[in-house]
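In: how would this look folded up:
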Amino acid sequence: MFDDLDVDRRPLVLIWEVTQACGLACRHCRADAKPKRHPEELTTAEGKRLLDDAAEFGDGQLVVLSGGDPLARDDLTELISYGDDLGHRMTITPSGTASLTPDRVEALADAGIRRMALSIDGATRESHDRFRGEESFEDTLRAARAAREAGLPLQVNTTVCAETVAELPAIRDRVRDLGAVLWSVFFLVPVGRGRILDPIPPERAERVMEWLQDVAEAEGFGVKTTEAPFYRRVGLQQDRADGAARRRGGITAGRGFAFVSHTGETYPSGFLPKSAGNVRDRSVVDIYRNAELFESLRDPDRFEGKCGACEFRQVCGGSRSRAFAATGDPLGSDPLCPYVPDGYDGELPETLTGENAGVSDAAD
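Out: Have a look, this model is predicted:
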């Protein structure tokens, strides 16, 4: 019997992008979502087979239904109930639209959803709607309140880029006021429509990580980063400085994390669109455990550049998705991390050799 936390055997998070259809057209959308469903989406029967296969990972597999907007599928509650009956921990990331009514939220909870994640990318209606290019702020807040009334734990997702970083302190306050259990802070990877947005410079990202460590210590909700695992390296360095011994771990693309697209392609992450196989032809368990791409991403000693030389590579490893977006190589260096290992004299990512190297503004 293997350890439930053995990421060589199972992903701690399995994302299924049930559709790319969405009524919004957000500027940062990884999926480049469209108004209508794709004709080659996994069918209800194929989706159930995926959930059956995922049960082989072990009890309590975390399955996140994402999009697009999962609510665009009329079989959504059927799929949720089916996964719940299999013993999966079913969660969902719906879009903040007018269709996400309190009745719909309650129906999702009744079907077996264990947690709902909603995106807030600005602290005010003006800034959130400007970033998303749509009027979704009030719909999102209404859904957040409905989740609380339905007894659903709430997660708030926030994208960090040049346009949003200054709002992080005010968004933190919003997360607290909404009673969220987790703030998941996504650091921009230039894929999909997100290619048009500007990331923050590496040194500013470092200051944001330090600030997020302080937020995690001070607030009653958890804090995690997505596509910025050097948050854990910053935490370890702070632990050493203050003599603490807190556990610092997490997952990265392909290493505790897998993503199944709306058409069944299986990626290490939705932000790393390099397929390792299709669940129509091969079990998601087999793909995760045995595909060469996934195996390589679970071996930090195979990483290249400064990430491969870094003493923190086992607990951090850098964003494999951002490395792929920047270099075409998922084993390359993460250009957002400013840390250079002692004695490393190899090539540095372009962002660390240009004018951004000296930027050190904090989030607030």
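
In: okay, now Lys48: neighbour count?
Out: Residues near Lys48, counting by other CB atoms under 10 Å, number 17. Using the backbone N, CA and C atoms, a C-beta is placed for each residue, glycine as well.

In: ok, and the closest non-adjacent residue to it?
Out: Counting by CB to CB, 6 or more residues apart in numbering, the nearest residue to Lys48 once its immediate chain neighbours are dropped is Tyr82, at 5.4 Å.

In: Measure how buried that neighbour is and give me the count.
Out: Number of residues near Tyr82 (other CB under 10 Å) recorded here: 19.

In: Of all residues in the protein, which one is nearest the centre?
Out: Against the mean C-alpha coordinate of the chain, by CA atoms, centre = their mean, the closest residue is Thr226 at 4.6 Å.

In: picking that back up, hmm, Ala54 and the residue nearest to Lys48 touching each other?
Out: No - taking CB atoms under 8 Å as the contact criterion, Tyr82 and Ala54 are not neighbours in contact, 11.3 Å apart.

In: can you pull up the bridge partners for Val156?
Out: With DSSP bridges applied, the residues forming beta bridges to Val156 are Leu118, Trp183.

In: Next, count neighbours for it.
Out: 24.

In: residues in contact with it?
Out: With contacts defined as CB atoms under 8 Å, 6 or more residues apart in numbering, the neighbours of Val156 are 117-120, 144, 171, 174-175, 178, 180, 182-184.

In: redo that, cut-off 10 Å
Out: Val156 is in contact with 117-121, 140, 144, 171-172, 174-176, 178, 180-185, 221, counting by CB atoms under 10 Å, 6 or more residues apart in numbering.

In: Where do the helices of the protein begin and end?
Out: Per DSSP state H, the chain carries helices over the ranges 44-54, 76-85, 102-111, 125-132, 137-149, 168-177, 202-218, 230-242, 284-290, 292-297, 305-309, 320-327.

In: Turn the ones you listed into JSON lines, including distance to Gly256.
Out: Written out in JSON lines, the entries for these read as follows (distance: least, CB to CB, whole Å):
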{"stretch": "helix 44-54", "distance to Gly256": "14"}
{"stretch": "helix 76-85", "distance to Gly256": "19"}
{"stretch": "helix 102-111", "distance to Gly256": "26"}
{"stretch": "helix 125-132", "distance to Gly256": "29"}
{"stretch": "helix 137-149", "distance to Gly256": "26"}
{"stretch": "helix 168-177", "distance to Gly256": "24"}
{"stretch": "helix 202-218", "distance to Gly256": "20"}
{"stretch": "helix 230-242", "distance to Gly256": "13"}
{"stretch": "helix 284-290", "distance to Gly256": "10"}
{"stretch": "helix 292-297", "distance to Gly256": "10"}
{"stretch": "helix 305-309", "distance to Gly256": "17"}
{"stretch": "helix 320-327", "distance to Gly256": "12"}
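
In: which of these is buried the deepest?
Out: Compared across the helices of the chain, helix 320-327 shows the largest average neighbour count, a mean of 24 (mean count of other CB atoms under 10 Å).

In: where are the low-confidence patches of the stretch 101-250 of the chain?
Out: Counting by pLDDT under 70, the ranges of the stretch 101-250 of the chain that qualify are 192-196, 243-249.

In: again, 50 this time
Out: Within the stretch 101-250 of the chain, no stretch falls below the threshold (pLDDT under 50).

In: hmm, back to that, which one of the helices of the chain lies closest to His38?
Out: helix 44-54 (13.2 Å; CB to CB).

In: so what does the closest one touch, helix or strand wise?
Out: Contact analysis of helix 44-54 by 3 or more CB pairs under 10 Å, 6 or more residues apart in numbering; DSSP states H and E lists strand 13-17, strand 62-66, helix 76-85, strand 257-260, helix 284-290 as its packing neighbours.

In: Go through these and name the closest to Leu197.
Out: Ranking these by proximity to Leu197 (CB to CB) places strand 62-66 first, at 19.7 Å.

In: any idea of the angle that closest one forms with helix 76-85?
Out: On the basis of axes from the mean of the first three to the mean of the last three CA atoms, to 10 degrees, strand 62-66 is oriented at 170 degrees to helix 76-85.

In: Run the chain-centre distance for strand 62-66.
Out: Centroid displacement of strand 62-66 relative to its chain, using CA atoms, centre = their mean, to the nearest Å, is 11 Å.

In: Convert that strand to PDB, retaining C-alpha atoms only.
Out: Once non-C-alpha atoms are left out, strand 62-66 reads as follows in PDB (Å, rounded to 0.1, in the frame of the first residue of the first chain):
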ATOM      1  CA  LEU A  62      -9.300  15.700  -5.000                       C
ATOM      2  CA  VAL A  63     -11.100  16.400  -8.300                       C
ATOM      3  CA  VAL A  64     -11.500  20.000  -9.400                       C
ATOM      4  CA  LEU A  65     -14.100  20.700 -12.100                       C
ATOM      5  CA  SER A  66     -13.000  23.800 -14.000                       C
END
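
In: All set, thanks.
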